[in-house]
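Visitor: Sequence first, predicted coordinates after that:
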Amino acid sequence: MSAQKPRTLFDKIWDAHVVETLPDGTALLYIDLHLTHEVTTPQAFDGLRAAGRKVRRPDATLAVIDHNIATDASRYTGIVDPESRLQVETLEKNVVEFGVPFIPLLDARQGIVHVIGPELGRSLPGMTIVCGDSHTSTHGAMGALAFGIGTSEVEHVLATQTLLQKPAKNMQVLVEGNLAVGCSAKDITLAIIGRIGTAGGTGHVIEYAGDAIRALDMAGRMTLCNMSIEGGARAGMVAPDQTTFDYIARTPNGPKGEALARAIEWWRTLPTDAGAHFDKVVKLAAHEIAPQITWGTSPEDVLPVDGIVPDPEAQEDEARRAQFRRKVEYMGLKPGQKLQELPVDVVFIGSCTNSRIEDIRMAASIARGRKVADGVRAMVVPGSGLVKKQAEEEGLDRILQEAGFEWREAGCSMCLGMNPDKLKPGQRSASTSNRNFEGRQGPGGRTHLVSPATAAASAIAGRLADVRDYQPKGDV
Amino acid sequence: MEAFTTLTGIAAPMPKANVDTDQIIPARFLKSISRTGFGKHLFANFRFKEDGSENPDFVLNQEPYRKAEILIAFENFGCGSSREHAPWALLDFGIRCVIAPDFADIFHNNSFKNGVLPVKLPREVCAQLMEDAKMGENARITVDLERQVVVRPSGEEIPFQIDPLRRHLLLNGLDDIGQTMQHAPAIDGFEAKQRAAQPWLYGA
């Protein structure tokens, strides 16, 4: 094997999962872990039922409820919205009928599918992981190949534990140097998307590398990989290292003892070989990244916090001018306006991008000893029941509530406007979620994507704020 | 899945890039547990005003585009969420083909699985087809998957590329699960080998 061509992390995981290659180059790819939730599975289970098929590997499948549910106390008394309730009950019936392991709504481990997979030790290096959800790219932070699929593919994986896939191209995003004060993984990922655009990674799997990436904790790596899809890449990955192994060792369901030692031995062979080929390479200097804020209705519409709203009329062609006019109008902006002058109505700290304990610590460190501005609704939604419990043990819930933040139950919440947490038309939010599309947080809602620190600072300022003006007071 | 062979119909021009799946079908309409019925919510935030009345400026509310079977747009169509409800909504409305310079990966896959044909053509060709489409009722466009051509109202034929396996499945309306099931012995073999090498992946 010594003459083997140098391979990337992606190539190695891909090669290890090809069951068969069809004559046209399509691979039958084996899937190690299939995460499922209530929104993208009912039609898949129906398909299985209609064809008399079973779930091939219930032990490699895990179901949880996250998208549809309320994140206030009403979850304890039953789901009010009849359609949401039907969708949740449908999943509850399907997991029983097909024998799929399930985390019920009121279980302490319930949470956002992309938070609980790594947290429980189910998402591991070297795995292929899929879910009917584009933010499955999150799990790539573990050193896995993880990507979102549609419902037909969900059904295909349930029935066969495989997918028909063409290999992706390799793209490397290298981030070197030290991140500036006030900046975190969210600012890196927004800066990357600002650079490559929302289609910059289409057809590629991104591997994030460089010392700024190595320095990130697992939560930061998850934030980064989570938003790969916003750059058009189906998957983002970070090579597993000691940070990864230490994280897994602390998880409740990860391999332990000898199994862990044996697994680590294999995981250490996964990082990209020296000289491996990347079809595309993008480099960023970490110290040049300032806190980032999106101004428009696409994640690529991003600027440093001291930025000003661009002038649609200054764009190069008419199609782009028209598109920018629409963005500026929808967002209720004026060309030349400073982003920091924009008042916010709602601050949302949560979502599969930024709802882990590290994110909540970051927000609490800014909130401590300060108050949310009058008229601002600020909410913190932990990514899982376990994150919530941990935060409460650390007293973060108290700090946040004393500052005037709402402290809520785990779920997708205001990321996507399909549960009771929504923006009202015209409301402006500073949000740690992943998409600022028109109507994403509720029809007519205006979303500015930011880091948890910038979100917390904005809640206190009552406008989009520069977190560097709101440094922590004392230790949290 | 219904096979796709040749389609001749009215095309609606949507001169926009980055039409994301939240625009195609907003999340609040994803609560149904069936694959049908999403057509009435297709592009809901653009088709309907806040009071629920139709927005007359939106292309699919104008004649003859209410009957559109083809949609023409610009780059990165279908980006964002993986929701298969996007091609379901297009199909349920009556749109069986989207023509654009390129597509986001997941939407592209999802379309094929539902008999919606995504056709990639260069931006200038899409712009030309949009001009054709603006002629309305008399400007029928033909998409011939068998011959891999789009036929303009003038009769001019524009060839397009497509993955041969996907073309085969679509032309015949084939279900890929049935096809994959034929590889069951190979999947069994893979699992036996993997279980021996990486036992921690089994029996969780």
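Guide: That came in fine, so what should we check first? Numbering: from 1, shown residues only, chains lettered A, B, ... in the order given.

Visitor: Counting by contacts, list what the helix or strand of chain B with the lowest mean pLDDT packs against.
Guide: Considering only helices and strands, the least confidently modelled element of chain B by mean pLDDT, DSSP states H and E is helix B:176-181, at a mean of 90. Contacts defined by 3 or more Cβ pairs under 8 Å, 6 or more residues apart in numbering or on different chains; DSSP states H and E place helix B:176-181 against helix A:151-160, strand A:162-165. Using the backbone N, CA and C atoms, a C-beta is placed for each residue, glycine as well.

Visitor: The helix or strand that it is followed by and chain A, are they touching?
Guide: Using DSSP states H and E, the helix or strand that follows helix B:176-181 in sequence is helix B:184-197. Yes - using Cβ under 8 Å from any Cβ of the partner chain, helix B:184-197 reaches chain A at B:184, B:186-187, B:190-191, B:194, B:197.

Visitor: Name the residues of the longest helix belonging to chain A that come out as buried.
Guide: Secondary structure of chain A per DSSP state H: the longest helix is helix A:82-98. Under the neighbour-count criterion of 16 or more other Cβ atoms under 10 Å in any protein chain shown, helix A:82-98 has A:83-84, A:86-88, A:90-92, A:94-95, A:98 buried.

Visitor: By proximity to chain B, which residue of the stretch 351-476 of chain A wins?
Guide: Residue of the stretch 351-476 of chain A nearest chain B, by Cβ to the nearest Cβ: A:M418 (3.9 Å).

Visitor: Not counting sequence-adjacent ones, nearest residue to that residue?
Guide: Nearest non-adjacent residue to A:M418, counting by Cβ to Cβ, 6 or more residues apart in numbering or on different chains: B:A27, 3.9 Å away.

Visitor: That neighbour: what's it in contact with?
Guide: Counting by Cβ atoms under 8 Å, 6 or more residues apart in numbering or on different chains, B:A27 makes contact with A:67, A:416-418, A:440, B:81, B:83.

Visitor: which residues of the stretch 351-476 of chain A fall in helices?
Guide: Shown for the stretch 351-476 of chain A, the helices assigned by DSSP state H, counting those that start in this stretch span residues A:357-367, A:385-393, A:396-403, A:452-461.

Visitor: can you put those in a markdown table and add mean neighbour count and mean pLDDT?
Guide: Rendered in a markdown table, the data for those read as follows (neighbours: other Cβ atoms under 10 Å in any protein chain shown; pLDDT from 0 to 100):
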| stretch | mean neighbour count | mean pLDDT |
| --- | --- | --- |
| helix A:357-367 | 26 | 98 |
| helix A:385-393 | 19 | 98 |
| helix A:396-403 | 19 | 98 |
| helix A:452-461 | 30 | 98 |
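
Visitor: can you redo these as CSV with distance to B:L71?
Guide: Rendered in CSV, the data for the helices of the stretch 351-476 of chain A read as follows (distance: least, Cβ to Cβ, whole Å):
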stretch, distance to B:L71
helix A:357-367, 39
helix A:385-393, 41
helix A:396-403, 45
helix A:452-461, 36
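
Visitor: JSON lines for these, including distance to chain B?
Guide: As requested, the helices of the stretch 351-476 of chain A are arranged in JSON lines below (distance: least, Cβ to the nearest Cβ, whole Å):
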{"stretch": "helix A:357-367", "distance to chain B": "22"}
{"stretch": "helix A:385-393", "distance to chain B": "17"}
{"stretch": "helix A:396-403", "distance to chain B": "27"}
{"stretch": "helix A:452-461", "distance to chain B": "21"}
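
Visitor: and of those, who's closest to A:T61?
Guide: helix A:385-393 (20.4 Å; Cβ to Cβ).

Visitor: Any residues of the stretch 301-450 of chain A in contact with chain B? List them.
Guide: On the criterion Cβ under 8 Å from any Cβ, chain B has as its neighbours in the stretch 301-450 of chain A the residues A:319, A:322-323, A:416-418, A:425, A:435, A:437-440, A:443-444.

Visitor: Now restrict these to buried residues only.
Guide: Taking 16+ other Cβ under 10 Å as the criterion, what is buried in those is A:323, A:416-418, A:435, A:437-440, A:443-444.

Visitor: Looking at those, which is nearest B:L171?
Guide: When those are compared for distance to B:L171, the smallest value, 34.1 Å, is given by A:F437; criterion: Cβ to Cβ.

Visitor: neighbours of the residue nearest to B:D20 when sequence neighbours are not counted, just the number please.
Guide: For B:D20, ignoring the flanking residues on the chain, the nearest one in space by Cβ to Cβ, 6+ apart is B:G80 at 3.7 Å. Applying the criterion other Cβ atoms under 10 Å in any protein chain shown, we find 27 residues in the vicinity of B:G80.

Visitor: cool, and the one 10 residues further on?
Guide: When neighbours are defined as other Cβ under 10 Å, B:L90 has 27 of them.

Visitor: try A:R56
Guide: Here the count is done by other Cβ under 10 Å, and A:R56 has 18 residues near it.

Visitor: Distance of it relative to B:A184?
Guide: For A:R56, the distance to B:A184 (Cβ to Cβ, to the nearest Å) stands at 9 Å.

Visitor: if I look at those two, which residues touch both of them?
Guide: Contact with both A:R56 and B:A184 is made by residues A:T160, according to Cβ under 8 Å, 6+ apart.

Visitor: hmm, who's touching stretch A:278-289?
Guide: Taking Cβ under 8 Å, 6+ apart as the criterion, the residues outside stretch A:278-289 that touch it are A:8, A:169-180, A:183, A:187-188, A:191-192, A:195-196, A:200, A:204, A:207, A:210, A:212.

Visitor: Endpoints of that stretch, how far apart?
Guide: Terminal residues of stretch A:278-289 lie 24 Å apart, using Cα to Cα, to the nearest Å.

Visitor: Now it: buried residues?
Guide: Residues A:278, A:282, A:284, A:286, A:289 are the ones in stretch A:278-289 that count as buried (16+ other Cβ under 10 Å).

Visitor: Which pair of those residues spans the longest distance?
Guide: Largest separation among those by Cβ to Cβ: A:F278 and A:I289, giving 21.4 Å.

Visitor: Low-confidence stretches in the stretch 1-150 of chain A?
Guide: Scanning the stretch 1-150 of chain A for pLDDT under 70 picks out the ranges A:1-3.
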